[in-house]
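> 3D model of this:
(chains A and B)
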Protein chains: 2
Amino acid sequence: MLKLWLQTHREDPTPLFATHQVGVSGFVLNEESNEVLVVQDKNRPYTLWKFPGGLSNLGEDIGDTAVREVFEETGIKCEFKSILSFRQQHQHPGAFGRSDFYVICRLKPLTLSINACSDEIRQCKWMHISDIKQEVESSSLTKRLADMMEFGLANGFDKIDIHCEEMKSVYKGLKFKLYHRPFSLQKSTD
Amino acid sequence: MLKLWLQTHREDPTPLFATHQVGVSGFVLNEESNEVLVVQDKNRPYTLWKFPGGLSNLGEDIGDTAVREVFEETGIKCEFKSILSFRQQHQHPGAFGRSDFYVICRLKPLTLSINACSDEIRQCKWMHISDIKQEVESSSLTKRLADMMEFGLANGFDKIDIHCEEMKSVYKGLKFKLYHRPFSLQKSTD
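Numbering: from 1, shown residues only, chains lettered A, B, ... in the order given. Next comes the predicted model:
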């Protein structure tokens, strides 16, 4: 597209082409054992235990990316429950000068037997949630999420979940996913 | 960039260029009058009362976009408080075939006198929160947000807020903004 903006009294309002990539990971918690699914990437300069995940394909919903990437990397089948947190990172390495949204989802495992992808994953295991917090080789973000899930286990996931709902767009034929805290119009009693 | 992926046993893992644009709006509530700042866009085929906002510049944080766009469109100065909700819309009109994240922030007005941008805004006014819910010319998303803020007014904004915190990246010298529900590691008493 070639264009020339002729008005001098105001800025060119033409939108920039897309500014963000979207990466999604799954916090997969086995609620019977309090173990979490963690991986080490194979092709990275650093070695950190992290949650399995990867980039969204164009047109893919956040929860679908989480479920797909966890299965591709670890062989574990999951069900999407909620969004727990998201990070906005500018000048993200490998994002072609654009920014990165990284979204961490709460997933419920439907299977437990690991079958890791040997192309992408150096190691994969179930790690007790309290061990993540002691682990030298995990990031402050990973530890923060472990803290948050411990809070959720003690007080109910409804205290930390960001829920997803499909709604109709004002643009005919289009639908979207809306994410926010669950609420009811009755006065809260808690 | 030109490339050729030679492995036939697995898919090309090269990331796609950025897949999302990010639009941000401000839910600006005057808590003394329960009035909300709403606008009608000038250059749209439809006429809907909506929250003021616009697209993030490359490298701009969500809260900064909200405060900037509300000021540019309405002349109202605000302080960022939290994220209330976000929407993911694929095939978004005007997004060059990419997807759209639309983030609605809770903003506290620091001034109240409207000075709307005549290039972009057809009408701008303070509307009582209960009138938004009755308004024919507002979308289901706008009404949902009004419901949610009424819930927040009755039960505390801490029930609906998604908080923002700056943290250090594992990538040296980089920082990021992390968004999630506030929590404390002490057992919740509510």
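
> mind listing the helices for chain A?
A:62-74, A:129-134, A:140-155 (DSSP state H).

> save those helices as CSV, and put in mean pLDDT and mean neighbour count too.
Yep, even glycine has a C-beta here, placed from its N, CA and C like the rest. Formatted as CSV, those follow (pLDDT from 0 to 100; neighbours: other C-beta atoms under 10 Å in any protein chain shown):
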stretch, mean pLDDT, mean neighbour count
helix A:62-74, 98, 22
helix A:129-134, 92, 15
helix A:140-155, 95, 19
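
> chain B: which of those is closest?
helix A:140-155 (4.1 Å; C-beta to the nearest C-beta).

> and the pLDDT for the residue nearest to A:Q91 when sequence neighbours are not counted?
In space, A:Q91 comes closest to B:L174 once its chain neighbours are excluded; the distance is 6.5 Å by C-beta to C-beta, 6 or more residues apart in numbering or on different chains. For B:L174, the pLDDT comes out at 92.

> quick check, the lowest-mean-pLDDT helix or strand in chain A touching chain B?
Least confident helix or strand, chain A: helix A:129-134 with a mean of 92, by mean pLDDT, DSSP states H and E. No. Judged by C-beta under 8 Å from any C-beta of the partner chain, helix A:129-134 stays clear of chain B, getting no closer than 10.3 Å.

> mind giving me the packing neighbours of that helix?
The criterion is 3 or more C-beta pairs under 8 Å, 6 or more residues apart in numbering or on different chains; DSSP states H and E, and the helices and strands that helix A:129-134 contacts are strand A:35-41, helix A:140-155.

> ok, now with 7 Å
helix A:140-155 (3 or more C-beta pairs under 7 Å, 6 or more residues apart in numbering or on different chains; DSSP states H and E).

> what comes into contact with the helix it packs on?
Contact with helix A:140-155 is made by A:27, A:29, A:49-51, A:84-85, A:87, A:104, A:129, A:132-133, A:159-160, B:167-168, B:178, B:180, B:183, B:185, B:187-188, as judged by C-beta atoms under 7 Å, 6 or more residues apart in numbering or on different chains.

> one more: stretch A:98-106?
Under C-beta under 7 Å, 6+ apart, the answer for stretch A:98-106 is A:19-27, A:51, A:62-63, A:66, A:80-90, A:92, A:145, A:157, A:161, B:18, B:59.

> about what we covered before: compare the helices of chain A and give me the one nearest A:R122.
helix A:62-74 (11.0 Å; C-beta to C-beta).

> got the angle for the closest one vs strand A:35-41?
Helix A:62-74 and strand A:35-41 are oriented at 70 degrees to each other (axes from the mean of the first three to the mean of the last three C-alpha atoms, to 10 degrees).

> could I get the CA-only coordinates of helix A:62-74 as CSV?
Extracted in CSV, the C-alpha atoms of helix A:62-74 (Å, rounded to 0.1, in the frame of the first residue of the first chain):
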residue,chain,number,x,y,z
ILE,A,62,-5.8,-17.8,23.2
GLY,A,63,-7.2,-21.0,24.9
ASP,A,64,-6.8,-23.0,21.7
THR,A,65,-3.1,-22.0,21.4
ALA,A,66,-2.5,-23.1,25.0
VAL,A,67,-4.1,-26.5,24.5
ARG,A,68,-2.4,-27.1,21.1
GLU,A,69,1.1,-26.0,22.3
VAL,A,70,1.0,-28.0,25.5
PHE,A,71,0.0,-31.1,23.6
GLU,A,72,2.6,-30.5,20.8
GLU,A,73,5.4,-30.0,23.3
THR,A,74,4.5,-32.5,26.1
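
> and it, is it in reach of chain B?
Yes. Judged by C-beta under 7 Å from any C-beta of the partner chain, helix A:62-74 and chain B are in contact via A:I62.

> quick check: bridge partners of A:L55?
Beta-bridge pairing of A:L55 under DSSP bridges involves A:G23.

> so it touches B:P15, yeah?
Yes. Under the criterion of C-beta atoms under 7 Å, A:L55 makes contact with B:P15 at 5.4 Å.
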